[in-house]
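1. heads up, no residue letters with this:
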Ligand code: IPE
Ligand code: IPE
Ligand code: MG
């Protein structure tokens, strides 16, 4: 199946809303957290497959600002799982040249999680095969609010003028300042919504929704998403004729 993917037309940046862990568990009569645990295996497979294909940026939505409203036990288990996965997977990921990056309100995470993250971020900072960004305690509206605050402060301090505010300046003040725009956004589990994920960055992304629940998401599903992406014509407002000229 890999042969059917064109190496010269890969999305530079793939972002995934990994949804459906709870439903996966419920279907099997298990606790929701069992779904999160199984979902961690899909993360490993997906990171490896993206790396093998040559995708340069993969961003995974792991925990939203809204997910803090979930039952305390689920939130705590998710945080524990997170530390465990990072510790476990990054030995191998590091060998494969993967850099860890995090976006979101990182200060709101438990200290232990912050420490684990910053150690791995530091250790992998020079890797350049792929950047794996984990969105943690992430909300796009919060990100945009922070960007507006930081830019406004610069205007107040007369570091910049109002006329200096443009798309590039905005991009440079987002959590994703060092990432390109998203080319392909995948959401699993059949839900067709964005749930406050990367609103600015997906302005021209191709959207791909699949019914598979995240713990069942395998390499073949990733390939299907990329194949679908490669069949599309990205016009960015132009006409089809203009593109072939
Ligand atoms: C996604 O799965 C993981 C997180 C949001 C942390 P869910 O836990 O949302 O699973 P469903 O949507 O309830 O099935
Ligand atoms: C979005 O999933 C967040 C993550 C995948 C981490 P949710 O399951 O929280 O989204 P909604 O609330 O159903 O839109
Ligand atoms: Mg969900």
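-> Good, I have the coordinates. Because the structure is predicted, anything quoted here is derived from the model rather than measured. Ligands and ions are numbered 1, 2, ... in the order given.
2. So which residue is dead centre in this protein?
-> By C-alpha atoms, centre = their mean, the chain has its centre lying nearest to residue 59, at 2.3 Å.
3. And that residue, what's its pLDDT?
-> We have a pLDDT of 98 for residue 59.
4. Tell me if it really is in a strand.
-> Yes: assignment of residue 59 by DSSP: H, G, I helix; E, B strand; the rest coil places it within a strand.
5. Going along the chain, name the helices of this protein.
-> Here the chain has its helices, by DSSP state H, at 21-27, 32-53, 72-95, 111-123, 140-156, 167-172, 219-231, 240-244.
6. Residue 140 versus the residue of the chain found nearest ligand 2, what's the distance?
-> Nearest to ligand 2 in the chain, going by C-beta to the nearest ligand atom, is residue 195, at a distance of 3.6 Å. Where you see a C-beta, it was placed from the backbone N, CA and C, and this is true even at glycine. The gap separating residue 195 from residue 140 is 9 Å, by C-beta to C-beta, to the nearest Å.
7. So which of these two has more stuff around it?
-> Between residue 195 and residue 140, counted using other C-beta atoms under 10 Å, residue 140 has the larger neighbour count: 23 against 14.
8. OK, contacts around the closest residue to that one other than its chain neighbours?
-> Distances taken as C-beta to C-beta, 6 or more residues apart in numbering place residue 199 nearest to residue 140, at 4.1 Å, with adjacent residues excluded. Contact partners of residue 199, counting by C-beta atoms under 8 Å, 6 or more residues apart in numbering, are 140, 141, 144.
9. swap in residue 222?
-> With C-beta under 8 Å, 6+ apart, residue 222 has these contacts: 46, 49, 50, 186.
10. Neighbour count and pLDDT added to those residues, as CSV?
-> Shown next, in CSV, are these (neighbours: other C-beta atoms under 10 Å; pLDDT from 0 to 100):
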residue, neighbour count, pLDDT
46, 24, 98
49, 19, 97
50, 23, 98
186, 26, 99
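11. near ligand 1 too, which of those?
-> Among those, no residue lies close to ligand 1 (C-beta under 6 Å from any ligand atom).
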